[in-house]
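A.B. asks: Here is a sequence with its predicted model. Questions after.
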Amino acid sequence: MKNNLNNIVGYWVKSVNPNKISATNKTRFGICSMYGIDFFIFSAKDVNLEEQTINGLFWDKENFQFARKKVGFPPLIDFRMGGGLHREHPNIFNSLKLKSYIIPSNKIGGKDEVGKWLLNTQFKENVIPTTEDISETKINEILNTYNSIILKPTTGSNGRGIYKISKDNGSKIKVHYETKIYTTTLSDFLNNNFHIFKTTKYLAQAFINSTSIDGQPIDIRLNLARGVRGKFYISDLYARFGGFNYIGTNMGREQRAVSIAALETLKYQFGEKDGQNLYKKIQDLGEKFPNVFQKKLKFITPELCLDLGIDRESKQIYIFEVGVSPGNSAMKADKIPIYNVEFYKYLLDEYEVNDGKLKKQPPKLTV
């Protein structure tokens, strides 16, 4: 191993309870042990800035139990599921990153920025026609082109704050928000929601009729993670149904969402031949997309996730959203920590960690 520091990885969480270790973290403990990595979890209160030590929770293999052990700041720290811990504890975060390489959870930009960038790549045909101009004149113009549009925040909203607007009789429009559908004029709609559009940045997109046979909103979640040798692999691929009368799959509201394996869903929804073809196209997207998208980023992302819509008539695949972490929505959550640990191993083996930085930057990693 090239680095002269201990082969240790810390995982920063909000709180540590040895009796309530999550299944994903138990998997990390097990896979790290298999790869010869000393893995521990810790919270902010376990960090001693004066001593530059962490009282971490390790797995004691001899006694088959979790046990505390004080260690120096490790070469690698993973905190991507920490829920903003770097903002809650900036002094700790800044001290840790002087000695440890902290695997990043950086933002990748809003939907508008990502969409513009993708228009200049080989994935431009997968980009939904979009505008940031939500004036009455512009919305009328795109309604005349697409008949139905979506208004949504430019930042991630977990399905919240999304409006569907469709042309109705004469000057009237039909507005669909969550389960509510009502008729009004575009002018009245914009005036009544002026405070929302003034305080939150929105964009307008052509409506993609990504629905199931029985009319439920449906999309495909494609999770990607770096694993052995730092390469990206498809870690999960499944269909998500949002429930009747909703605009999208609304995964932020788990009680209204159902996830099903992708291949069988696609074959049932689009027929054997078209379903197989769509599945292959999505797999191809998963193989090619990470290398291209990594070029946009100024950091090495260990994971990516794509929400994909499929227009029911044209069967065209569209990218609804791109994220840097699948969160807790994965169907098979055990795969994510396995790939994470393989990425830890890759960094520890190939790159020296000195004062919180990799001695050399990894190359643009391939699939």
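C.D. replies: Cool, got the structure.
A.B. asks: Quick one: the helices in the stretch 1-150 of the chain, in order.
C.D. replies: 23-34, 85-88, 90-99, 111-118, 136-146 (DSSP state H, counting those that start in this stretch).
A.B. asks: tell me which strands and helices the longest one is in contact with?
C.D. replies: With contacts defined as 3 or more C-beta pairs under 8 Å, 6 or more residues apart in numbering; DSSP states H and E, helix 23-34 has these neighbours: strand 8-12, strand 38-42, helix 335-350. For every residue, glycine as well, the C-beta is placed using N, CA and C.
A.B. asks: at 10 Å what do you get?
C.D. replies: strand 8-12, strand 38-42, strand 53-60, helix 335-350 (3 or more C-beta pairs under 10 Å, 6 or more residues apart in numbering; DSSP states H and E).
A.B. asks: C-alpha coordinates for the second one, CSV please?
C.D. replies: In other words, strand 38-42. The C-alpha trace of strand 38-42 is given here as CSV (Å, rounded to 0.1, in the frame of the first residue of the first chain):
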residue,chain,number,x,y,z
ASP,A,38,-10.2,-0.9,9.6
PHE,A,39,-13.6,0.8,9.4
PHE,A,40,-15.3,2.8,12.1
ILE,A,41,-18.3,5.1,12.6
PHE,A,42,-18.3,8.2,14.6
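A.B. asks: about what we covered before: right, and the helices of the stretch 1-150 of the chain - which one's nearest Arg160?
C.D. replies: Of all the helices of the stretch 1-150 of the chain, helix 111-118 sits nearest to Arg160, with 13.9 Å by C-beta to C-beta.
A.B. asks: sorry, back to before: how about the helices of the stretch 1-150 of the chain in a markdown table, adding mean pLDDT?
C.D. replies: Formatted as a markdown table, the helices of the stretch 1-150 of the chain follow (pLDDT from 0 to 100):
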| stretch | mean pLDDT |
| --- | --- |
| helix 23-34 | 92 |
| helix 85-88 | 84 |
| helix 90-99 | 92 |
| helix 111-118 | 87 |
| helix 136-146 | 92 |
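A.B. asks: quick one, which of those helices is nearest to Glu321?
C.D. replies: helix 111-118 (6.4 Å).
A.B. asks: buried stuff in the closest one?
C.D. replies: By 16 or more other C-beta atoms under 10 Å, the buried positions in helix 111-118 come out as 111-112, 114-115, 117-118.
A.B. asks: Just give me the closest of those residues to Leu266.
C.D. replies: Among the buried residues of helix 111-118, and counting by C-beta to C-beta, the member closest to Leu266 is Leu118, at 22.8 Å.
A.B. asks: and Arg87, how many neighbours does it have?
C.D. replies: Residues within reach of Arg87, counting by other C-beta atoms under 10 Å, total 9.
A.B. asks: Most tightly packed of the helices and strands packed on helix 23-34?
C.D. replies: strand 8-12 (a mean of 26; mean count of other C-beta atoms under 10 Å).
A.B. asks: Next, the contact list for the nearest residue to Ala225 once chain neighbours are set aside, please.
C.D. replies: Nearest non-adjacent residue to Ala225, counting by C-beta to C-beta, 6 or more residues apart in numbering: Tyr339, 3.7 Å away. Going by C-beta atoms under 10 Å, 6 or more residues apart in numbering, Tyr339 touches 31, 223-228, 231-233, 235, 302-303.
A.B. asks: What does the pLDDT read for Tyr339?
C.D. replies: With respect to pLDDT, Tyr339 scores 91.
A.B. asks: That one and Arg229, how far apart?
C.D. replies: Tyr339 sits at a distance of 12 Å from Arg229 (criterion: C-beta to C-beta, to the nearest Å).
A.B. asks: same deal with Trp59?
C.D. replies: To Arg229, Trp59 is 26 Å away according to C-beta to C-beta.
A.B. asks: for Tyr346, same thing?
C.D. replies: As for Tyr346, its distance to Arg229 is 6 Å (criterion: C-beta to C-beta).
A.B. asks: Also Ile282?
C.D. replies: 24 Å.
A.B. asks: Strands of the stretch 201-350 of the chain, start to end?
C.D. replies: 202-206, 218-226, 232-241, 258-261, 303-310, 317-323 (DSSP state E, counting those that start in this stretch).
A.B. asks: er, the stretch 51-200 of the chain I mean
C.D. replies: Taking DSSP E, counting those that start in this stretch, the strands of the stretch 51-200 of the chain run over residues 53-60, 65-72, 76-78, 101-103, 130-131, 148-153, 163-167, 172-177, 180-185.
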